[in-house]
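# Let me see the structure of the following:
(chains A and B)
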Amino acid sequence: MNDTAPALEARRLSAAYHQHPVLEDVTLALPQGEWTAIVGPNGAGKSSLLKLVIGGLTPLRGELRILGESPAVQRRAGHIAYMAQQEHMEWEFPISVRETVLTGRYGLMRQDPLWQRLLPRHWANPSHRQAVEAALDAVDMAEHAERPIGELSGGQKKRVLLARALAQQASILLLDEPLAGVDPPSEALILATLERQRDAGRTVIMVTHDMPSARRHADRVLLINRQVVGMGTPEEMLSDAMLARLAVGAASGSAYGGARAAA
Amino acid sequence: MPQLETLAQVIDGLIALLMLVVNLLPEPLAAPFEYRFMQRALLTSVLVGAICGLLSCYVVLKRWSLLGDAISHAVLPGVAIAYLLGWPFFIGAFITGALTSLGIGALERHTRIKADAAMGLMFTAAFALGIVIISKIATSTHLMHILFGNVLGVQTTALMLTLAASLVTVLTIWLAYRPLLLYTFDPQQAQALGFNTSFIHYGLILLLTLTIVASLETVGIILVVAMLITPGATAHLLTDRFPLMLAISVAVGVISAVVGLVLSVSLDVASGGAIVLVASGLFLVALLAAPKHGLVARQWRRWRLNRV
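Take a look at the predicted model:
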């Protein structure tokens, strides 16, 4: 792993989703160890940027580097933890909270000796169990560990998804709208957890529509609307003037009104 | 070939084991199993029930029911062509089954045709081709056996294939348990963790094709999809744990296959139909009486909520 390379670096990156352009000619660099909030209207390519990193989308043109290497290399090395949007999950799946969080370790388990991989999780390397229990504690879900995921409330589901990303102990956390649709106590818990991760030297990159949280917690804000509209401190980027620019860019492209941006 | 002899010995050993259990049964039930063909049918049923049970968990959770139906129908022209060329039927069956599933994927990805239409289109075309070839070359009894299965007529070579397919299936699911579970549960996460998801995807489809081919003689082309849906669906109603779901599903598959076989002999009805009816009966019981997800339990909870 390269200590000085940006956590995420894009050079003239373009991508399309079902033939609709979602990112055009994006060049940016996010340093390691910082908390970045990616803000932009719906359809602006925020989630697509994360999808490019996790391999759900391939770039049309340009280059994407994670810690100085290709995303595929860093995915395999376990450096990228991803927290999906809740709507994209199969909550009816017969799996417990603890096993769901353990799936965050499945990538690292490939490095275990073969005999351990062929046995149930009780015989797995203790490091996996410790990481899972620590992650469950961090999001205050330890008491629900044996429940099926389908029984959880919305905020609890978000916390389980976050715990799964934490259990991986990756250097980069990618979070797709971690604050959408959660109650205030869960939101506070998630933000405090992410703060601890950043303080421990991890890179936090989150897509969000939650301006107050971005203003209060993020180190930097990336405004994006297919192209980079701006990047800087939360004060600079979340000013009325910048948000108006974000909305103007959107008015020509997608159905994003000025009212949403000002909110 | 020495491998075939080993397989034959394994088969003899497994049959001997099964007969130990059969001999514990009361005389009228155990009597038919004195015949060698009944013993072969019994072992085939147990194996087919077990691997269909395993695969059906993935089919149900991944919403692949229609894909299973498509592959099973697409196997028919392969069987017919293999018959024409004098090959073992399972080679042809495997090839056309696999080709069709690849074709479905290609149609879906590169055109604006949606998945369900792509499947319906490909498998009906393949099935029609099979019907046309078979109507030219074989008798209708032959067609009936392929379409509806005839477990009582299973020969040792077919049993060897079923055994080999079962070993491959069980070993693959064991060795790739975690990647398969993660891919079924959350393919996006599997990708983010650096798993090769297209490899897992096509691997699972090939495993499904193998299971279907191995089950043809027992339940037939038309009904094999039932064994790929019903055991998994039954197990899904009964548990919220994936390993337990696999176990219950295997149990449902094996029980249906064995009870169906016995019923088909004692009532003199088609084996495939009898097996699927038993499975459907077990599903019905689970649907009504499952402790948490059953209809009765749901009504009971609703009633209690209303009273409070």
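# By mean pLDDT, flag the weakest helix or strand of chain B.
helix B:140-148 (a mean of 77; mean pLDDT, DSSP states H and E).
# for that one, packing partners?
Where contact means 3 or more C-beta pairs under 8 Å, 6 or more residues apart in numbering or on different chains; DSSP states H and E, helix B:140-148 is packed against helix B:65-85, helix B:115-137, helix B:197-238. For the C-beta atoms, the positions are set from N, CA and C on the backbone; glycine is no exception.
# Would you mind giving the ones you listed as a markdown table with distance to chain A and mean neighbour count added?
Shown next, in a markdown table, are those (distance: least, C-beta to the nearest C-beta, whole Å; neighbours: other C-beta atoms under 10 Å in any protein chain shown):
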| stretch | distance to chain A | mean neighbour count |
| --- | --- | --- |
| helix B:65-85 | 15 | 24 |
| helix B:115-137 | 15 | 17 |
| helix B:197-238 | 6 | 24 |
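# Between the ones you listed, which one is closest to residue B:5.
Of all the helices and strands packed on helix B:140-148, helix B:197-238 sits nearest to residue B:5, with 20.4 Å by C-beta to C-beta.
# Give me the average confidence score over the closest one.
Averaged across helix B:197-238, pLDDT comes to 92.
# surely residue A:195 meets residue A:218?
No: the criterion here is C-beta atoms under 8 Å, and residue A:195 misses it with residue A:218 at 10.4 Å.
# Now for residue B:145, how many residues are close by?
Using other C-beta atoms under 10 Å in any protein chain shown as the criterion, residue B:145 is surrounded by 17 other residues.
# Spell out, range by range, the strands that occur in chain A.
Applying DSSP state E to chain A gives strands spanning A:8-17, A:20-30, A:35-39, A:61-66, A:80-83, A:172-176, A:203-207, A:220-225, A:227-232.
# where does the stretch 51-200 of chain A dip in pLDDT?
Within the stretch 51-200 of chain A, not a single segment meets pLDDT under 70.
# Would you mind listing what in it touches chain B?
The stretch 51-200 of chain A comes close to chain B at residues A:54-56, A:72, A:75-78, A:80-82, A:84, A:88-90, A:93-96, A:99-100, A:103-104, A:106-107, A:109, A:117-118, A:120, A:148, A:150, A:164, A:168, A:174, as judged by C-beta under 8 Å from any C-beta of the partner chain.
# are any of those buried, and which?
For these, a burial check counting by 16 or more other C-beta atoms under 10 Å in any protein chain shown picks out A:54-56, A:75-78, A:80-82, A:84, A:89-90, A:93-96, A:99-100, A:103-104, A:106-107, A:109, A:117, A:148, A:164, A:168, A:174.
# Mind checking which of those are in helices?
Among those, DSSP state H puts A:54, A:75, A:76, A:99, A:100, A:106, A:107, A:109, A:117, A:164 in helices.
# Distance to residue B:173 for those residues - can I get that in a markdown table?
Formatted as a markdown table, these follow (distance: C-beta to C-beta, whole Å):
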| residue | distance to residue B:173 |
| --- | --- |
| A:54 | 26 |
| A:75 | 24 |
| A:76 | 23 |
| A:99 | 17 |
| A:100 | 20 |
| A:106 | 16 |
| A:107 | 20 |
| A:109 | 17 |
| A:117 | 13 |
| A:164 | 23 |
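# residues touching residue A:207, list them.
Shown in contact with residue A:207 (C-beta atoms under 8 Å, 6 or more residues apart in numbering or on different chains): A:37, A:38, A:46, A:47, A:49, A:50, A:175, A:176, A:177.
# Export those as CSV, with columns for neighbour count.
Below are the contacts of residue A:207 laid out as CSV (neighbours: other C-beta atoms under 10 Å in any protein chain shown):
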residue, neighbour count
A:37, 26
A:38, 27
A:46, 25
A:47, 22
A:49, 27
A:50, 25
A:175, 25
A:176, 24
A:177, 20
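# Closest one to residue A:11 out of these, please.
For these, the nearest to residue A:11 is residue A:49 (13.4 Å; C-beta to C-beta).
# Kindly state the pLDDT recorded for the closest one?
Looking at residue A:49, its pLDDT is 94.
# before we move on, what about residue A:259?
In this model, residue A:259 is scored at 40, pLDDT.
# residue contacts, the residue sitting nearest the centre point of chain B?
Centroid-nearest residue in chain B: residue B:52, 3.3 Å away (criterion: C-alpha atoms, centre = their mean). Residues near residue B:52 by C-beta under 8 Å, 6+ apart: B:211, B:215, B:224, B:227, B:228, B:231, B:253.
# please redo it, this time with the cut-off set to 6 Å
B:215, B:227, B:228, B:253 (C-beta atoms under 6 Å, 6 or more residues apart in numbering or on different chains).
# one step back: between residue A:195 and residue A:218, which has more neighbouring residues?
Counted by other C-beta under 10 Å, residue A:195 and residue A:218 do not tie: residue A:218 has more neighbours, with 25 against 13.
# measure the closest residue to the more buried one other than its chain neighbours to residue A:88 for me?
Nearest non-adjacent residue to residue A:218, counting by C-beta to C-beta, 6 or more residues apart in numbering or on different chains: residue A:37, 3.8 Å away. Separation of residue A:37 from residue A:88 (C-beta to C-beta, to the nearest Å): 21 Å.
# before we move on, what about residue B:124?
On the measure of C-beta to C-beta, residue B:124 and residue A:88 end up 32 Å apart.
# And residue A:119, by the same measure?
Using C-beta to C-beta, one obtains 31 Å as the distance from residue A:119 to residue A:88.
# same check, this time on residue B:295
For residue B:295 relative to residue A:88 (C-beta to C-beta), the value is 30 Å.
# Next, count neighbours for residue B:46.
21.
# what secondary structure does it sit in?
What DSSP: H, G, I helix; E, B strand; the rest coil gives for residue B:46 is helix.
# Now name the helix or strand holding the residue nearest to it when sequence neighbours are not counted.
Of all residues not flanking residue B:46 in the chain, residue B:254 sits nearest, at 5.5 Å (C-beta to C-beta, 6+ apart). In this structure, residue B:254 sits in helix B:242-267 according to DSSP states H and E.
# quick one: the residue lying farthest from the centre of chain A and residue B:193, what's the gap?
What lies farthest from the middle of chain A is residue A:115; by C-alpha atoms, centre = their mean that is 32.8 Å. Residue A:115 sits 21 Å away from residue B:193, going by C-beta to C-beta.
# How about residue B:158?
Distance of residue B:158 to residue B:193, given as C-beta to C-beta: 40 Å.
# With residue A:135 instead?
Applying C-beta to C-beta, the value for residue A:135 to residue B:193 is 15 Å.
# Give the other helices and strands that the helix or strand where residue B:165 lies contacts.
Assigned by DSSP H and E, residue B:165 belongs to helix B:156-175. Secondary-structure packing of helix B:156-175 (3 or more C-beta pairs under 6 Å, 6 or more residues apart in numbering or on different chains; DSSP states H and E): helix B:36-61, helix B:197-238.
# Now render those as TSV, adding distance to residue B:173.
Shown next, in TSV, are these (distance: least, C-beta to C-beta, whole Å):
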stretch	distance to residue B:173
helix B:36-61	6
helix B:197-238	8
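# neighbours around the residue nearest to residue A:141 when sequence neighbours are not counted, how many?
Of all residues not flanking residue A:141 in the chain, residue A:159 sits nearest, at 5.4 Å (C-beta to C-beta, 6+ apart). Residues near residue A:159, counting by other C-beta under 10 Å, number 26.
# Poorly predicted segments of the stretch 51-200 of chain B, please.
Counting by pLDDT under 70, the stretch 51-200 of chain B contains low-confidence residues at B:140-141.
# repeat that with 90
By pLDDT under 90, the low-scoring segments of the stretch 51-200 of chain B are B:79-80, B:82-91, B:93-94, B:98, B:101-116, B:131, B:133-158, B:161.
# what about the residue in the stretch 1-150 of chain B that chain A sits nearest to, distance to residue A:93?
Across the stretch 1-150 of chain B, no residue is closer to chain A than residue B:61, which sits at 6.3 Å (C-beta to the nearest C-beta). In this view, residue B:61 and residue A:93 are 6 Å apart by C-beta to C-beta.
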